[in-house]
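In: Just to be clear, the model below is a prediction. Sequence and coordinates:
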Amino acid sequence: MTGMREMGTNVGSVLASLMFVWAIFKEYFPYRLRGHVEKYSQKLVRFVYPYIEINFHELTGERLKRSEAFVAIQNYLSTKASSQASRFKADVVKESKSLVLTMDDHEEVPDEFNGVKVWWVLGKHINKSQSISYYPVSDEKRYFKLTFHKHHRELITGSYVDHVMKEGKTVFVENRQRKLYSNNPSKNWRFWKQTKWSHVYFDHPATFDTLAMETKMKEDIKKDLMKFSKGKEYYAKIGKAWKRGYLLYGPPGTGKSTMIAAMANFLNYDVYDLELTTVMDNTELRNLLIETSNKSIVVIEDIDCSLDLTGQRVKKKEKDQGDEVETDPVKKEKKEESDNKSSKVTLSGLLNFIDGLWSACGGERIIVFTTNHVEKLDPALIRRGRMDKHIEMSYCSFEAFKVLANNYLDVDSHELFAKIESLLAETNITPADVAENLMPKSDEEGVETSLNSLIEALEEVKEEEARKKEEEEVRLKAEKEEKEKEESAQESVKIDENSANSVVKENGFHK
Ligand SMILES: Nc1ncnc2c1ncn2[C@@H]1O[C@H](COP(=O)(O)OP(=O)(O)OP(=O)(O)O)[C@@H](O)[C@H]1O
Ligand SMILES: [Mg+2]
């Protein structure tokens, strides 16, 4: 069959050359004769070469975006190429766990659908125009050519192409290596033609199994995520954009960032880590958003440090009291940058971003904010509907400790657990600190040594907390005494004034 098609292709190209010569000289023939020649020559071409060809170009649209169809075909053919083609390009994805083969240029891959044969070829046009540009411009334009017999036009352009797109997308989801994007400073977008987002491959090992928190809470979050990811029809039915906002709040080291990684791994989504302090204004924020893809989690970490988003009322109160001192150097730098006002992103800009984005960019997106100070955020920012689910990440409970003990030491129970349970109930220690103590310091260190080191740390924390409590009590007592002294001093001044007044009155009376 391929041989016949090739022969047809050769005869077809000879005829095409003749048609080209005809196009030049047809002016010299009488009009009537011209019509006849054209009609019969086209019939002849269709007879000799009864195949239809469709090209799917890689770059489409004015901004030359990568066509989704091209990518889907490429993925679909990667599953066929391994058995059908003889020349491939290979790519190793997912830490060498799978090898993805794609067709090499001009390689032909046959395929069959409902007993009908089709052929795919990856072709490319080289752009001959030698435009001089400051930036490197790719002048290679690739396309997939699909060839099939004209009898099967309907089947191929309908069901077959649909089938290829669907399969291609599934392969893409299975093989794709997820990415962690971070936004580039906008000053580089124009001058260095930098893309808005740079990425590295996302390879965080955190999962919900390794995340230390209450089992019930964990299951609840997993259920919520699952419902969201499968909720395309549901969201369409209730007329809501297919997005969900999560607010993770709690002290440093309680696993907020770890939870985001676990969410991404659970859903198989990309992560867009949005650094707000480098976004100059609301327009830039919108532009960044438009370039995010479906199946992604957009993250804004430490939102209270990123921008002046804390709402007027809260801000005023804070100014009066004086700001709390930030100890984490990263958060401190963020806060300083945002205080320097290099960014003009406003609260309303961010609210528009959260509300508007989804309708503008299609669905299947999750947005996550993290903060250590939930009380500082403007209520408008975190109201339900914007941040649908508020999750408090808290100090380590005994249940959370058991997950960590299993992760780090491979133990489910131990005689020292009871002591640890009672110490955990009395102290505030973060999962990060517990994890640090459980990590064996050397290969020889056994389970017991690690657990004892945790007990020691817990006792230290307990002592420290008791000391702080005592100090606080002493301070409060001193404050109370001071206040009482002041009040009694004021009282005695009042009594003195009153008695002086009565003396004056008495004297006056006497006068
Ligand atoms: N709940 C948890 N489960 C498992 N590991 C945790 C948990 N919390 C903290 N850890 C460990 O502590 C380290 C720090 O945690 P993480 O970065 O997630 O804290 P965070 O809440 O994001 O802190 P910050 O507010 O400073 O950003 C992690 O690398 C992880 O190993
Ligand atoms: Mg964090």
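Out: Good, I have the coordinates. Everything numeric in this text was worked out from a predicted model, so none of it was measured. Numbers count the residues shown, from 1 in each chain. Ligands and ions are numbered 1, 2, ... in the order given.
In: and stretch 21-41, C-alpha only, in CSV?
Out: Extracted in CSV, the C-alpha atoms of stretch 21-41 (Å, rounded to 0.1, in the frame of the first residue of the first chain):
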residue,chain,number,x,y,z
VAL,A,21,4.1,25.0,-16.3
TRP,A,22,0.4,25.2,-17.4
ALA,A,23,-0.2,28.1,-14.9
ILE,A,24,2.5,30.1,-16.6
PHE,A,25,1.5,29.5,-20.2
LYS,A,26,-2.3,29.2,-19.9
GLU,A,27,-2.7,32.9,-20.9
TYR,A,28,-1.7,31.9,-24.5
PHE,A,29,-4.6,29.4,-24.9
PRO,A,30,-8.2,30.3,-25.8
TYR,A,31,-10.5,30.8,-22.8
ARG,A,32,-12.8,27.8,-23.5
LEU,A,33,-9.9,25.4,-24.0
ARG,A,34,-8.3,26.6,-20.8
GLY,A,35,-11.5,25.6,-18.7
HIS,A,36,-11.5,22.1,-20.2
VAL,A,37,-7.8,21.5,-19.6
GLU,A,38,-8.1,22.6,-16.0
LYS,A,39,-11.1,20.5,-15.3
TYR,A,40,-9.6,17.3,-16.7
SER,A,41,-6.2,17.8,-15.3
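In: How far off centre is it?
Out: Centroid separation for stretch 21-41 versus its chain: 61 Å, with C-alpha atoms, centre = their mean, to the nearest Å.
In: Would you mind naming the residues that bridge with the closest residue to ligand 1 within the stretch 51-200 of the chain?
Out: Nearest residue of the stretch 51-200 of the chain to ligand 1: L180, at 14.4 Å (C-beta to the nearest ligand atom). Quick note: C-beta positions are derived from backbone N, CA and C, even for glycine. In this entry, L180 is beta-bridged to V200, V271, by DSSP bridges.
In: dump the residue contacts of it.
Out: Residues near L180 by C-beta atoms under 8 Å, 6 or more residues apart in numbering: 199-202, 204, 270-271, 273.
In: Residues of the stretch 301-450 of the chain that sit close to ligand 1?
Out: Within the stretch 301-450 of the chain, the positions near ligand 1 by C-beta under 6 Å from any ligand atom are 328, 372, 393, 431-432, 435.
In: Could you identify the most distant pair in those residues?
Out: Using C-beta to C-beta, the pair of those lying farthest apart is N372 and A435, separated by 18.4 Å.
In: Any chance of the residues of the stretch 301-450 of the chain next to ligand 1 in TSV with pLDDT, secondary structure and neighbour count as columns?
Out: Listed next are those as TSV, based on pLDDT from 0 to 100; DSSP: H, G, I helix; E, B strand; the rest coil; neighbours: other C-beta atoms under 10 Å:
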residue	pLDDT	secondary structure	neighbour count
D328	74	coil	14
N372	93	coil	21
M393	95	coil	24
P431	96	helix	23
A432	96	helix	16
A435	95	helix	20
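In: rewinding a little: out of the contacts of L180, which one sits closest to A425?
Out: Of those, the one sitting nearest to A425 (C-beta to C-beta) turns out to be H204, at 31.1 Å.
In: With adjacent residues omitted, what lies nearest to the closest one?
Out: Leaving aside its sequence neighbours, H204 sits nearest to A261 (C-beta to C-beta, 6 or more residues apart in numbering; 3.7 Å).
In: A strand includes that neighbour, no?
Out: No. Assigned with DSSP: H, G, I helix; E, B strand; the rest coil, A261 falls outside any strand and is helix.
In: How many neighbouring residues does it have?
Out: When neighbours are counted by other C-beta atoms under 10 Å, A261 registers 22.
In: burial count for L146?
Out: 21.
In: Just give the closest residue to it, not the sequence neighbours.
Out: L146 sits nearest to I54 (C-beta to C-beta, 6+ apart), 4.7 Å away.
In: Touching, V299 and S306? I think so.
Out: No. With contact defined as C-beta atoms under 8 Å, V299 does not count as touching S306 (11.3 Å).
In: According to the record, where do the domains of this protein fall?
Out: Taking automatic domain parsing as the criterion, the chain consists of the domains 1-49, 55-128+135-177, 179-392.
In: Need the winner for burial among the ones you listed.
Out: Of all the domains of the chain, domain 179-392 carries the top mean neighbour count, a mean of 17, counting by mean count of other C-beta atoms under 10 Å.
In: tell me the contacts of the residue nearest to L146?
Out: By C-beta under 8 Å, 6+ apart, the contact set of I54 is 145-146, 157.
In: contacting residues for whatever residue of the chain ends up closest to ligand 2?
Out: Residue nearest to ligand 2 within the chain: S257 (3.3 Å; C-beta to the ion). Contacts here follow C-beta under 8 Å, 6+ apart; on that basis S257 touches 301, 370.
In: So which bits of this structure are right by ligand 2?
Out: 256-257 (C-beta under 5 Å from the ion).
In: The closest residue in space to E108 that isn't next to it in sequence sits in which helix or strand?
Out: Distances taken as C-beta to C-beta, 6+ apart put V121 closest to E108, at 4.9 Å, once the chain neighbours are dropped. Under the criterion DSSP states H and E, the helix or strand holding V121 is strand 116-126.
In: Can you read off the pLDDT for the residue of the stretch 251-400 of the chain found nearest ligand 1?
Out: For the stretch 251-400 of the chain, the residue closest to ligand 1 is G255, as judged by C-beta to the nearest ligand atom, at 2.7 Å. Per-residue pLDDT puts G255 at 95.
In: How about E445?
Out: At E445, the pLDDT value in this model is 75.
In: State the helix or strand in which it lies.
Out: Under DSSP H and E, no helix or strand contains E445.
In: likewise E459?
Out: Per DSSP H and E: helix 447-510 holds E459.
In: I'd like to know which elements that helix is packed against.
Out: helix 398-409, helix 417-426, helix 431-438 (3 or more C-beta pairs under 8 Å, 6 or more residues apart in numbering; DSSP states H and E).
In: The same query, at a cut-off of 6 Å, please.
Out: Where contact means 3 or more C-beta pairs under 6 Å, 6 or more residues apart in numbering; DSSP states H and E, helix 447-510 is packed against helix 431-438.
In: Can you say which helix or strand has the spatially closest residue to Y395 that is not a sequence neighbour in it?
Out: In space, and not counting its chain neighbours, Y395 is closest to N428: 4.4 Å by C-beta to C-beta, 6+ apart. Counting by DSSP H and E, there is no helix or strand that carries N428.
In: can you map out the strands along the stretch 201-350 of the chain?
Out: For the stretch 201-350 of the chain, the strands defined by DSSP state E, counting those that start in this stretch occupy 243-249, 270-273, 296-300.
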